[in-house]
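**Student:** let me see the structure of the following:
(chains A, B, C and D)
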4 protein chains.
Amino acid sequence: MSGFKVRTDLALEMRESMEESAGECRGVSVEEDYREESEIKITKVIIETMNGAKAMGKPMGNYITLEAPAMTQPDENYHQEISEELAKQLKEIIPGIEQEISIMVVGLGNRDVTADALGPNVVDNLVITRHMVKEYGKVAFNKKQVHMVSGLIPGVMAKTGMESQEIIKGVVEKTKPDVVIVVDALAARSTRRLNRTIQISNTGIHPGSGVGNHRNAITQETLGVPVIAIGVPTVVDAATIVSDAFEKLMRQTGEEPIDIQDELLSGLGELYNMYVTGKDVDFEIKQISHIICNALNSAFENF
Amino acid sequence: MSGFKVRTDLALEMRESMEESAGECRGVSVEEDYREESEIKITKVIIETMNGAKAMGKPMGNYITLEAPAMTQPDENYHQEISEELAKQLKEIIPGIEQEISIMVVGLGNRDVTADALGPNVVDNLVITRHMVKEYGKVAFNKKQVHMVSGLIPGVMAKTGMESQEIIKGVVEKTKPDVVIVVDALAARSTRRLNRTIQISNTGIHPGSGVGNHRNAITQETLGVPVIAIGVPTVVDAATIVSDAFEKLMRQTGEEPIDIQDELLSGLGELYNMYVTGKDVDFEIKQISHIICNALNSAFENF
Amino acid sequence: MSGFKVRTDLALEMRESMEESAGECRGVSVEEDYREESEIKITKVIIETMNGAKAMGKPMGNYITLEAPAMTQPDENYHQEISEELAKQLKEIIPGIEQEISIMVVGLGNRDVTADALGPNVVDNLVITRHMVKEYGKVAFNKKQVHMVSGLIPGVMAKTGMESQEIIKGVVEKTKPDVVIVVDALAARSTRRLNRTIQISNTGIHPGSGVGNHRNAITQETLGVPVIAIGVPTVVDAATIVSDAFEKLMRQTGEEPIDIQDELLSGLGELYNMYVTGKDVDFEIKQISHIICNALNSAFENF
Amino acid sequence: MSGFKVRTDLALEMRESMEESAGECRGVSVEEDYREESEIKITKVIIETMNGAKAMGKPMGNYITLEAPAMTQPDENYHQEISEELAKQLKEIIPGIEQEISIMVVGLGNRDVTADALGPNVVDNLVITRHMVKEYGKVAFNKKQVHMVSGLIPGVMAKTGMESQEIIKGVVEKTKPDVVIVVDALAARSTRRLNRTIQISNTGIHPGSGVGNHRNAITQETLGVPVIAIGVPTVVDAATIVSDAFEKLMRQTGEEPIDIQDELLSGLGELYNMYVTGKDVDFEIKQISHIICNALNSAFENF
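**Tutor:** Numbering: from 1, shown residues only, chains lettered A, B, ... in the order given. Here you go, the predicted model:
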């Protein structure tokens, strides 16, 4: 009962969608954890085999999801809790973080389109240290261990004429970070998850996902250094909303929808390039950028 | 075949929706005009009687719609054509514009939420003359006739603690304009119309419409001077999208949808406060603000 | 040794300038306080008589200045200390704050000109309660005492065609607050004080001061309710910088500068409408807006 | 009569300053041109020898200055004239522009500091073609000749941790443009020239100039391709203002200033990192960015 391709950048949702249709999925393991006090739910989806990757439509690797329903409430203490949980997960997944390394954080997306501005927002507010360490050495920081942190906002292809990947690769080769962290806005399947979910993975970023179409693959293979991706679903495809509502309805009525499905879908053409966002997307993306920024600063211990 | 209330601020769409279900509508007249060269379609919906008003769910008065599919293409000459057509319509509907009058243009909406920023954007870029005329007289302008133009951006209730209407009314009583023009972002029913349609009416603005909920009635009755409203649909309710796709499908298959409709709708709860916008909403609203701003400047002949 | 009129909105600097030239000043009392731990210096200048007012070029009333050299360092804890000190001073000067009152906070200035955006920034981030109290009553807040707080950003005359005073007065008459608090960017005499000083007074705002020229008097006399002014010097007049450097030099060399002073000043014409700001003015104004906003929220106890 | 080093990025002002003190300067030729109708003054300073370079404190090469007193008036037709004049000059100085080439336009500076945002503003609004030509070929453009234009906004070191030069060099090596054009805000000596002057040179950008300190040398030597620089003075150093006023005065009075000069300068320390800008800097920089952007689009004939 598919026909219409579910569009989601969340491994978690891909997994759910498979369960709905087929039950178990070999080569994919799932682990869930729930923090009672903070109401943060953590799900680790590990795609262990090529078969699992094929079934999921995503490369092999680890995908960690933090969900917190109240993520965008204006409650600084709660944000702090989420940031700390996120920092903990980041420290486990960033290779070499226990030593002194050089980290480049890349903010993908278009700073002038609200739902796509997450990446630029995070990098804009990060504590940057590389130039200080290079000029004054570690002594400037009065600490045992200081990572060299740099930040890059490559912009989108329509405004640069270049693939984000070209820009990042050029700067990586010139400044030689040990690891790259890319932050990006994602598309989800369910409006429930918008701006309430953070996904971390060690597989980098792959073309054709995300809000816009602003990249070729940004991965260890293409850049030559490990790439950690942090993403937040900020939009749902408008066609996905309709398709999902329809499927839900058909299931409820027990009808066999196959025949009319195609007709429905042919009518969705005008929803191309249309997205569903919440009314407060501007405010919510500011909040969540803040959470991710604090988590990165905390993971790097540069403050 | 309704059940789900169609939500649209466009008289044009209300009219279409009535035609679909019931055919003719007494007390409502419609006039269409098409500019071959510029591909601008102009529709005048006149609600002439109380019955018509009841059927349409909108007050008696004139509603003029300009539709231009290429409205948000970055083509300055074409924008100029639309602006001139709009200026022509404005000159016909603004009472007293043939003499020298005092006009207050009010930009409703939230400047920090892209899809709601149309009003503030327009007023930000308008040619303002009232203070110049008051200080230096008409001589400063080297013209026979100069309107006194003032601009007000009241902000939204969540940020001011006051109804837009309270603010506008206070300022109107203090500065005594002859006519008020309010500019606002609207909700449409069809994504086809987003950022491609401009509606002018002489009925003011009524509560419960629009993107946010930022007002009590702003009308001749409440303000004491004529109120012209200029609106552009910038969002579609997410629930409307689903409901419309569903109705279209049912019509195609010839099924009787009444029974399952309710179940569908009960599943739409999570779409509350969700809106559909195009990917380029930021860019498009900048373009269309520019068109309206130029049309107002041109209608006022203050340039 | 004047000739060139010192331009400052700070009563503190006016006082210093008088001391330099003439020593004691009757009708003006000064009280200083220094918080050892936080390095905050508090100066109260009280203009007690009409003679004092004439000498100072400022109306009778209280002027409280907080100075903190590290005010714009990115140190949240320190900002908290300044905010609390400021809140304490505000509670002493806002009439009726010990009961339940209705307070309108007005952000003067131009949000599109960095050095003039202080007022709009503060109001943008304030906790607004008036509409909640009106709709749900105090119960919504779970507190014994809740002030009704509203916020207004009138804009500048070049963009509205109206005096800020007209707009404020209209809205005051319509919404009837018990007290008005105006926040505005000021001009200082010394670059040392830029973005490091906050002045509170109970005399309102008077024309011809400040960064731009955006107002007639906004005072208890004109509005009919008490007006508290909060100001921060964000610019120094370029001509003031030159004049001050010159005077300093003349004092050092013991020369009699009177004769050449005029010639110097005639050369300063091209500095008209030129201002001196620090390189980080954008960042610093964000910080200091935050401090004032927190102080107001804290004084109102609406959080 | 120097002592205090004049700080200016304009070759034109450097030349004037030398004339004041010493008259003729060998190795430097100057050519002036005045467009009667448009009131645009064009000055070409050519530094022809190493001696000239030493005297001027600037590298050998061509420096072309356009001055237009009304540059920031809101007059679109006049802007068009300046853009066309600027385009003409650009076509003469950009090597290879008569054939089909690949051009990278780099916007230096900090987009969050008004006076430093010129470069980012220009690149933000440029017509970018490289990705279109690469994907669809020239046919997409319906023209004989199409340049591949790309745009880069590297950001400032405090926010990236990297030298602008490192970023640019990395991207140049990866995307291989034939020529690089850098746009940047400059410091002038005279407030008269602020936002009314555009300088083009074929010498690239050298450290220690400009508003901030955001670069190492960006030149043909360091990048491996020709570098054209476009700059606009948007600030004057506060210390320069004082020093200049002082010199002017001393000349008028015929005094011998040497002895007290040092004392004056020692008092200018607090002006460190202070800049003089006009009240309307935000508006003016928007206007002038627009002019430069149009001139580049016109020179590239990509529209």
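**Student:** if I look at residue A:169, how far off is residue D:169?
**Tutor:** Here residue A:169 is placed at a distance of 13 Å from residue D:169 (Cβ to Cβ, to the nearest Å). C-betas here are computed from N, CA, C, even on glycine.
**Student:** need the longest helix for chain A.
**Tutor:** Using DSSP state H to assign secondary structure, the helix with the most residues in chain A is helix A:281-300.
**Student:** from memory residue A:100 sits against residue A:144, does it?
**Tutor:** No: if you go by Cβ atoms under 8 Å, residue A:100 and residue A:144 don't touch, sitting 9.1 Å apart.
**Student:** ok, now which ones touch residue A:198?
**Tutor:** Going by Cβ atoms under 8 Å, 6 or more residues apart in numbering or on different chains, residue A:198 touches A:65-66, A:86, A:230-232, A:288, A:291-292.
**Student:** just put the residues you listed in TSV and tack on distance to residue D:278, neighbour count and pLDDT.
**Tutor:** Output for the contacts of residue A:198, formatted as TSV (distance: Cβ to Cβ, whole Å; neighbours: other Cβ atoms under 10 Å in any protein chain shown; pLDDT from 0 to 100):
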residue	distance to residue D:278	neighbour count	pLDDT
A:65	51	23	95
A:66	48	23	96
A:86	45	25	97
A:230	42	25	98
A:231	43	28	96
A:232	41	29	96
A:288	38	24	95
A:291	40	24	95
A:292	38	27	97
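**Student:** stretch A:160-179 vs chain D: in contact?
**Tutor:** Yes: residues of stretch A:160-179 contacting chain D under Cβ under 8 Å from any Cβ of the partner chain: A:160-163, A:166-167, A:169-175.
**Student:** which parts of the stretch 201-303 of chain A are strands?
**Tutor:** For the stretch 201-303 of chain A, the strands defined by DSSP state E, counting those that start in this stretch cover A:227-237, A:274-278.
**Student:** comparing residue A:100 and residue A:144, which residue is more hemmed in?
**Tutor:** residue A:100 (14 against 8; other Cβ atoms under 10 Å in any protein chain shown).
**Student:** where's the more buried one, which helix or strand?
**Tutor:** Counting by DSSP states H and E, residue A:100 is held by no secondary-structure element, helix or strand.
**Student:** so who does it touch?
**Tutor:** Going by Cβ under 8 Å, 6+ apart, residue A:100 touches A:145-147.
**Student:** how about stretch A:271-288, does it get close to chain D?
**Tutor:** No: with Cβ under 8 Å from any Cβ as the criterion, chain D is not reached by stretch A:271-288; the gap is at least 15.2 Å.
**Student:** list the buried ones in that stretch?
**Tutor:** Along stretch A:271-288, these residues count as buried under the neighbour rule (16 or more other Cβ atoms under 10 Å in any protein chain shown): A:271, A:274-288.
**Student:** out of the helices and strands in chain A, which is least certain?
**Tutor:** None of the helices or strands of chain A scores lower by mean pLDDT, DSSP states H and E than helix A:258-266, at a mean of 55.
**Student:** strands along the stretch 51-200 of chain A, start to end?
**Tutor:** For the stretch 51-200 of chain A, the strands defined by DSSP E, counting those that start in this stretch occupy A:61-67, A:102-107, A:148-152, A:179-188, A:197-201.
**Student:** how about the residues of chain A near chain D?
**Tutor:** A:123-124, A:128-132, A:148-153, A:155, A:157-163, A:166-167, A:169-175.
**Student:** keep only those of the residues you listed that are in helices.
**Tutor:** Mapping the residues of chain A next to chain D onto helices (DSSP H) picks out A:123-124, A:130-132, A:157-160, A:166-167, A:169-175.
**Student:** contacts only, for residue A:288.
**Tutor:** Taking Cβ under 8 Å, 6+ apart, we find residue A:288 in contact with A:71-72, A:118, A:195, A:198, A:232.
**Student:** now the angle between strand A:148-152 and the longest helix of chain A, please.
**Tutor:** Helix A:281-300 runs at 160 degrees relative to strand A:148-152, counting by axes from the mean of the first three to the mean of the last three Cα atoms, to 10 degrees.
**Student:** next, the angle strand A:227-237 makes with helix A:281-300.
**Tutor:** Angle between the axes of helix A:281-300 and strand A:227-237 is 170 degrees (criterion: the same axes, to 10 degrees).
**Student:** just the CA atoms of helix A:281-300, as PDB, please.
**Tutor:** Taking Å, rounded to 0.1, in the frame of the first residue of the first chain, the C-alpha atoms of helix A:281-300 are listed here in PDB:
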ATOM      1  CA  VAL A 281       8.400  28.100  12.800                       C
ATOM      2  CA  ASP A 282      10.400  31.300  13.100                       C
ATOM      3  CA  PHE A 283      10.400  31.200  16.900                       C
ATOM      4  CA  GLU A 284      10.900  27.500  17.100                       C
ATOM      5  CA  ILE A 285      13.900  27.300  14.900                       C
ATOM      6  CA  LYS A 286      15.500  30.000  16.900                       C
ATOM      7  CA  GLN A 287      15.000  27.900  20.100                       C
ATOM      8  CA  ILE A 288      16.200  24.700  18.600                       C
ATOM      9  CA  SER A 289      19.300  26.300  17.000                       C
ATOM     10  CA  HIS A 290      20.100  27.600  20.500                       C
ATOM     11  CA  ILE A 291      19.800  24.000  21.900                       C
ATOM     12  CA  ILE A 292      22.100  22.500  19.300                       C
ATOM     13  CA  CYS A 293      24.600  25.300  19.600                       C
ATOM     14  CA  ASN A 294      24.800  24.900  23.300                       C
ATOM     15  CA  ALA A 295      25.200  21.100  22.900                       C
ATOM     16  CA  LEU A 296      28.100  21.600  20.600                       C
ATOM     17  CA  ASN A 297      29.800  24.100  22.800                       C
ATOM     18  CA  SER A 298      29.300  21.800  25.700                       C
ATOM     19  CA  ALA A 299      30.600  18.700  23.800                       C
ATOM     20  CA  PHE A 300      33.700  20.700  22.800                       C
END
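**Student:** so what's the gap between that helix and the chain middle?
**Tutor:** A distance of 13 Å separates the centroid of the chain from that of helix A:281-300, by Cα atoms, centre = their mean, to the nearest Å.
**Student:** and what of stretch A:237-251?
**Tutor:** 24 Å.
**Student:** and that stretch, what's buried?
**Tutor:** Buried residues in stretch A:237-251, counted by 16+ other Cβ under 10 Å: A:237-247, A:249-250.
**Student:** quick revisit: reformat the contacts of residue A:198 as CSV; add distance to residue B:53.
**Tutor:** Shown next, in CSV, are those (distance: Cβ to Cβ, whole Å):
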residue, distance to residue B:53
A:65, 51
A:66, 51
A:86, 54
A:230, 53
A:231, 49
A:232, 46
A:288, 44
A:291, 49
A:292, 51
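**Student:** follow-up on the earlier one: show me which pair in the residues of stretch A:160-179 next to chain D is furthest apart.
**Tutor:** The most widely separated members of those, counting by Cβ to Cβ, are A:161 and A:175 (22.0 Å).
**Student:** lowest pLDDT pick from the buried residues of stretch A:271-288?
**Tutor:** Minimum pLDDT for the buried residues of stretch A:271-288 is recorded at residue A:271 (76).
**Student:** excluding its backbone neighbours, what's nearest it?
**Tutor:** Leaving aside its chain neighbours, residue A:271 sits nearest to residue A:238 (4.0 Å; criterion: Cβ to Cβ, 6 or more residues apart in numbering or on different chains).
**Student:** for residue B:237, see how far away the one you found is.
**Tutor:** Look at residue A:238 and residue B:237: by Cβ to Cβ, they are 12 Å apart.
**Student:** overlap of the contact sets of the two?
**Tutor:** Common neighbours of residue A:238 and residue B:237 (Cβ under 8 Å, 6+ apart) are residue B:276.
**Student:** identify the residues contacting the residue nearest the centre of chain A.
**Tutor:** Geometric centre of chain A, nearest residue: residue A:231, 1.2 Å, by Cα atoms, centre = their mean. By Cβ under 8 Å, 6+ apart, the contact set of residue A:231 is A:9-10, A:183-186, A:198-199, A:201, A:210.
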